[in-house]
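Novice: fold the following and give me the result.
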Amino acid sequence: MIEIWTARTTNGLRVSIMLEELGLPYTAHAVDIDDEATKPAAMRAINPSGAIPVMLDHETGIGMSQSFAIMLHLCEKAGRFLPVEPAARAATLQWMSQVMTDVISATHPIFVLTSELKDTPAPIIAHYEARLLRFLGQADAQLAQSPWLAGNEITVADFALYPTAAFRTRLLDRAGGLPALRRWMATMAARPGVARGMQVP
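Specialist: The predicted structure is shown next:
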């Protein structure tokens, strides 16, 4: 059995989507990310910072945080969605890294500036939106050539990108274009594991 401490953020949803897609049994504990006093001791024992997601794999005794690391651990545990063949594995890890660095570094400031710092000048927000759209445009160009980010097979990289793209639908609608990305988003949304994972917690 796997336990996760999570919240409805893109980082949290990546892990629940991965668990649902892999069919691994798990228990999810909802965490109020804004209330430090209520964060469980079991969660803090693994990640003292109190940031979600946090996972405890009771079968192996492995406890870890960081959605990138957790997703890779789960794929290796189940033997799915992380290719073994060198070229496919390299492409998967490259796209996974781009999501977890470039894409997140653009989308997170949009959240902070529009939700917490509401007096932020519009040009600053526009800067980060343009940056995010540039990275999503790169994904669109890739998806115009292949059905999935890393090629002909769905991988962990696709599950990593989807929550962020789904959370930015309004921006995508405003910007227009990106037809391959939109086709991919519809395909991802139709997957039962993705749909279930997006509802956790």
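Novice: go ahead and confirm Ser65 touches Ala51.
Specialist: Yes. Taking Cβ atoms under 8 Å as the definition, Ser65 is a contact partner of Ala51 at 6.6 Å. Using the backbone N, CA and C atoms, a C-beta is placed for each residue, glycine as well.
Novice: can you give me the buried ones in the longest helix along the chain?
Specialist: Assignment by DSSP state H gives helix 122-143 as the longest helix of the chain. Buried positions in helix 122-143, judged by neighbour count with 16 or more other Cβ atoms under 10 Å: 128-129, 131-133, 135-136, 139-140, 142-143.
Novice: cool, stretch 16-29 as well?
Specialist: Going by neighbour count (16+ other Cβ under 10 Å), the buried part of stretch 16-29 is 16-22, 26, 28.
Novice: again, but for stretch 52-70
Specialist: Neighbour-count burial for stretch 52-70, counted by 16+ other Cβ under 10 Å, picks out 52-57, 63, 65-68, 70.
Novice: now swap in stretch 141-161 and tell me
Specialist: Across stretch 141-161, burial judged by 16+ other Cβ under 10 Å covers 142-143, 148-151, 154-161.
Novice: show me those residues that map onto helices.
Specialist: Using DSSP H, the subset of the buried residues of stretch 141-161 located in helices is 142-143, 156-161.
Novice: between the residues you listed, which is nearest Gly177?
Specialist: In terms of Cβ to Cβ, no member of these lies closer to Gly177 than Leu143, at 12.7 Å.
Novice: and the closest one, how far from Trp95?
Specialist: In this view, Leu143 and Trp95 are 10 Å apart by Cβ to Cβ, to the nearest Å.
Novice: and Ile52, by the same measure?
Specialist: 23 Å.
Novice: and if you look at Gly151?
Specialist: Gly151 sits 10 Å away from Trp95, going by Cβ to Cβ.
Novice: please apply the same query to Glu116.
Specialist: 29 Å.
Novice: more crowded one of these two?
Specialist: Higher neighbour count among Glu116 and Trp95: Trp95, with 24 against 8, using other Cβ atoms under 10 Å.
Novice: for the helix or strand where Val194 lies, the distance to its chain's centre please.
Specialist: Using DSSP states H and E, Val194 sits in helix 192-197. Chain-centre distance of helix 192-197: 13 Å, with Cα atoms, centre = their mean, to the nearest Å.
Novice: packing partners for the helix-or-strand element of the chain with minimal mean pLDDT?
Specialist: Least confident helix or strand, the chain: helix 104-115 with a mean of 90, by mean pLDDT, DSSP states H and E. Secondary-structure packing of helix 104-115 (3 or more Cβ pairs under 8 Å, 6 or more residues apart in numbering; DSSP states H and E): helix 122-143, helix 156-167.
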